[in-house]
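A.B. asks: Fold the stuff below for me.
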Amino acid sequence: MALDDEQDPQLIKGSHWFALLAWLTLALFGVRTISHSDFWMTLASGRWIAAHGVPHTDPFSLLRANAEWINPLWLYDLMVYHLWAAGGAPLVMLAHVAAVATAFLLLARAARQFGGWVAIAAALLVAGWLLAPAFMVRARLFTLVFPALFICCLTLGASRWWVWLLLLPAQVLWTNMYHTFRLGPVICLIFALQAFLLWRRARNNPAAAGTAPVGLASWLTPLLLAGATLAATLVNPYGWRIYEAVGGIGFGSGSLLLSEQISVFSYLFAGSDTNPLIWMAAVVNLMGLVAEKRRLPLGVTVLALLGTSLAIMSPHYATVMAVLSFPFFVLSIRAAGLFLWDTFSDVVQRRHVLFGRLLLAVLLVTIIVTSGQLVSNHYYYSSGSGSAFGYGINEEALPAAAAAVLEQERFPAALINNALDGGNLLWHLPRRQVFLDARAQFHGQPLLHLAARGFAGDPQAWQVIETRLHPGAILVNCCQPQATLGLRTILATGHWSMVYFDGTSALLLLNSQENRALLQNAQLKTRGLTNLELARRAYERRIATQWFPAHSPALIGAAHTLLMLKQYAEAEQVYLTLTRGAPHMVGAWLDLGICRCQQKHWSDALVALRRATGAAPKNALAWLWLAHACQQLNLELEAREARQRAQKLNPALASAFDAETSAVKTNATPPRAP
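C.D. replies: Numbering: from 1, shown residues only. Have a look, this model is predicted:
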């Protein structure tokens, strides 16, 4: 007896309703506020395209004004801008949820031949968790509908006439929306190879072919379709040159320099930048390879292997894995179920109806728990996300407030910014150009790496920036990793003064005669501190009224900056608020312990540092500070054990920490970050 409702309707009665619930749960992962930085570049580009047409030269860059620019996302940018104009953030978010939901509806139709509704429901939950970190308003999510359509059509049969009518226009749209369009012809080739092998087997051994297609058209049609879809990729404003623009870009991986997977401050939450379900999903695929007794279908097997390999290379590929592997997920879950059924056949056969009900109960509990994680905001709260469940936007981790200052005051045009903030500035300041934005192919990796090193505190990189780019003002996003180290390096040069600070953003001006009026404008500082106080009050209200409050990027940036400025008492108060609102924020406990160590509050520091090491046992810096606090309290055994743990985890950092700690009497400060 099989674990399949078609073979025994009484075994898992009504399982199709559970598949529907799982599909709705997957869609629920996309119901979140918009908080990521690259969305604003999309809006700024779409607005420009709506007014001027498809771009061929760049209108945004201060460094490369009017340089040639090929935008492979132009149609997506235009679509998002019109959605925004029609219905704002809710409509944009719902459009992306609808696209992803449609993609998995198509995949469920394609996977129906590989397993029953229970297997499909389980596969939908696996796919939902794979998508969870990246289920944002992005082109790579919206365009998942295109590979899903290809897989569905080619699985059902490429020789049908309507497949051409669907896939060729889809390929044209895909080409003008995202660089993963190259997958279209590849998917066709994979299914052409599958059909060719089946045709050859049928011709060589007709008796063993069974119901396999035997006509020449069975593999020639998808092969021709691969050529036709490849030709369709040339239907774009740039012709064959679009391949030059996307040649160095992977299938949806993105760049760690230019996009945040969860949020710019997720590094404060231990393990939040990883997606362990990738490995669990890989195990699911492995089960299919081992447990499936039938001949594996070549097409879905190769796609699953491709998606899994990409996701293991980088978690950014998890979205591609979720789509390419979905039919094989269903096949694998069904095969694993049959294996368990056969293994425990004596027990199951006697209580097969009860077994089916128990299986559905487990599935229902999983759906309820998953939905509860999302609706309660616990998932976003625990992962360190900048988003929250619901609709709308959250720009607190972006320089939206600083942009208003830049618009009203006469700041120098040569304002240097990091790449992540470029799109937000362009959206809020349409009449200004920016130094950098998130277009890696346009700006080039050398410049982006130079800027990243400069903003992370590399003195040599910053000297090169000042010498070559001659900025008149600087915008630092204090929420980003190592941003306050960069801020300290910049201020240490003596060339710059901070004139505005709101927790998220710090605006610095060159100490020059031209900037004298702005440097003496006390209202700028007052305005920034007022914005910071408003953010603090809003976070306090969320803590008081919500179990899992949305995080406050402004307070995170403020705490780091105060610590960098050695205002330890003020930083401690902010960190106390952050740890009260998010007790699992490892970075906040560590920095709270550092603040207390610097004030020689050793007992209180010990409490915070024990929390930090308990939550992040692989953080060498936390163990080093714990050892330092224990030494001051004469806890020699604990200090020695903590020092040994740190030495084992990161010997170089331990040596540097010892050297700095020995110089505390000369006002040196031990390092804050590895």
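A.B. asks: so where's the longest helix in the chain?
C.D. replies: Using DSSP state H, we find that the single longest helix of the chain is helix 74-111.
A.B. asks: which of the residues in it are buried?
C.D. replies: 74-81, 83-84, 89, 91-97, 99-101, 103-111 (16 or more other CB atoms under 10 Å). (Each C-beta comes from the backbone N, C-alpha and C, glycine too.)
A.B. asks: same question for that helix, mean pLDDT?
C.D. replies: For helix 74-111, mean pLDDT is 97.
A.B. asks: Would you mind pulling up the elements that the helix or strand that it is followed by packs against?
C.D. replies: Counting by DSSP states H and E, the element after helix 74-111 in chain order, helix or strand, is helix 117-131. Judged by 3 or more CB pairs under 8 Å, 6 or more residues apart in numbering; DSSP states H and E, helix 117-131 is in contact with helix 15-28, helix 74-111, helix 277-291, helix 318-324, helix 326-343, helix 352-375.
A.B. asks: so the residue nearest to Asn417 when sequence neighbours are not counted, which of the three states?
C.D. replies: Leaving aside its chain neighbours, Asn417 sits nearest to Leu475 (4.4 Å; criterion: CB to CB, 6 or more residues apart in numbering). Judged by DSSP: H, G, I helix; E, B strand; the rest coil, the three-state class of Leu475 is strand.
A.B. asks: Could you pull up the contacting residues of Leu475?
C.D. replies: Listed by CB atoms under 8 Å, 6 or more residues apart in numbering, the contact partners of Leu475 are 399, 402, 406, 415-418, 421, 425, 505-508.
A.B. asks: Low-confidence ranges, the chain, go.
C.D. replies: Counting by pLDDT under 70, the ranges of the chain that qualify are 1-13, 206-214, 248-259, 271-275, 344-353, 662-674.
A.B. asks: Over to Asn521: give its phi and psi.
C.D. replies: phi -80, psi 100 (degrees, to the nearest 10).
A.B. asks: Quick check: it vs Phe501, distance?
C.D. replies: 13 Å (CB to CB, to the nearest Å).
A.B. asks: So between the two, which is more surrounded?
C.D. replies: A direct count of neighbours by other CB atoms under 10 Å for Asn521 and Phe501 places Phe501 higher, at 26 against 16.
A.B. asks: Enumerate the beta-bridge partners assigned to the more buried one.
C.D. replies: Ala506 (DSSP bridges).
A.B. asks: picking up where we left off before, tell me how far the residue nearest to Asn417 lies from Leu487.
C.D. replies: For Leu475, the distance to Leu487 - CB to CB - is 11 Å.
A.B. asks: Give me the common contacts of these two.
C.D. replies: Joint contacts of Leu475 and Leu487 (CB under 8 Å, 6+ apart) are 506, 508.
A.B. asks: can I see the domain layout of this protein?
C.D. replies: 15-253+266-383, 400-524, 585-666 (automatic domain parsing).
A.B. asks: Pick out the residue closest to the middle of this structure.
C.D. replies: In the chain, the C-alpha nearest the mean C-alpha coordinate belongs to Gln261, at 2.2 Å (CA atoms, centre = their mean).
A.B. asks: Assess the claim that it and Pro315 are in contact.
C.D. replies: Yes. At 6.5 Å, Gln261 counts as touching Pro315 under the criterion of CB atoms under 8 Å.
A.B. asks: and Asn66, helix, strand or coil?
C.D. replies: coil.
A.B. asks: Neighbours of the residue nearest to it when sequence neighbours are not counted, how many?
C.D. replies: Nearest residue to Asn66, sequence neighbours excluded (CB to CB, 6+ apart): Thr57, at 4.8 Å. Other residues near Thr57 come to 10 when the count uses other CB under 10 Å.
A.B. asks: Could I get the CA-only coordinates of the host helix or strand of Ala642 as CSV?
C.D. replies: Assigned by DSSP H and E, Ala642 falls within helix 636-649. In CSV, the C-alpha atoms belonging to helix 636-649 read as follows (Å, rounded to 0.1, in the frame of the first residue of the first chain):
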residue,chain,number,x,y,z
GLU,A,636,41.0,32.8,37.6
LEU,A,637,39.6,29.4,36.5
GLU,A,638,36.7,30.9,34.4
ALA,A,639,39.1,33.5,33.0
ARG,A,640,41.6,30.8,31.9
GLU,A,641,38.9,28.7,30.4
ALA,A,642,37.4,31.7,28.5
ARG,A,643,40.9,32.7,27.3
GLN,A,644,41.6,29.1,26.0
ARG,A,645,38.2,29.1,24.2
ALA,A,646,39.1,32.4,22.4
GLN,A,647,42.6,31.2,21.6
LYS,A,648,41.2,28.1,20.0
LEU,A,649,38.6,30.0,18.0
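A.B. asks: Any idea how far that helix is from the middle of the chain?
C.D. replies: Relative to the chain's own centre, helix 636-649 is displaced by 35 Å; criterion: CA atoms, centre = their mean, to the nearest Å.
A.B. asks: That one packs against which elements?
C.D. replies: Counting by 3+ CB pairs under 8 Å, 6+ apart, helix 636-649 packs on helix 620-632, helix 651-661.
A.B. asks: which parts of the strand or helix carrying Ser603 are buried?
C.D. replies: Following DSSP H and E, one finds Ser603 within helix 602-615. By 16+ other CB under 10 Å, the buried positions in helix 602-615 come out as 602, 604-606, 608-613, 615.
A.B. asks: Quick check: nearest residue in space to the residue nearest to the centre of the chain, chain neighbours excluded?
C.D. replies: Pro133 (5.5 Å).
A.B. asks: Distance check, that neighbour against Leu624.
C.D. replies: Pro133 is 30 Å from Leu624, by CB to CB.
A.B. asks: In terms of neighbours, single out the busier of the two.
C.D. replies: Set side by side, Pro133 and Leu624 show more neighbours around Leu624, with 28 against 23, by other CB under 10 Å.
A.B. asks: looking at the helices and strands packed on helix 117-131, which is closest to Ser35?
C.D. replies: Ser35 sits nearest to helix 74-111 of all the helices and strands packed on helix 117-131, at 10.5 Å, using CB to CB.
A.B. asks: That closest one versus helix 326-343: what angle between them?
C.D. replies: 20 degrees (axes from the mean of the first three to the mean of the last three CA atoms, to 10 degrees).
A.B. asks: Show the secondary-structure elements that helix 74-111 is packed against.
C.D. replies: helix 15-28, helix 38-52, helix 117-131, helix 139-142, helix 145-156, helix 326-343.
A.B. asks: make it 10 Å
C.D. replies: Packing partners of helix 74-111 (3 or more CB pairs under 10 Å, 6 or more residues apart in numbering; DSSP states H and E): helix 15-28, helix 38-52, helix 117-131, helix 139-142, helix 145-156, helix 161-175, helix 318-324, helix 326-343.
A.B. asks: which outside residues touch the shortest one?
C.D. replies: This means helix 139-142. The contact list for helix 139-142 (CB atoms under 10 Å, 6 or more residues apart in numbering) reads 30, 38, 42, 72-73, 75-77, 79-80, 92, 95-100, 103, 131, 134-135, 177-180, 251-254, 259, 316-317, 319-320.
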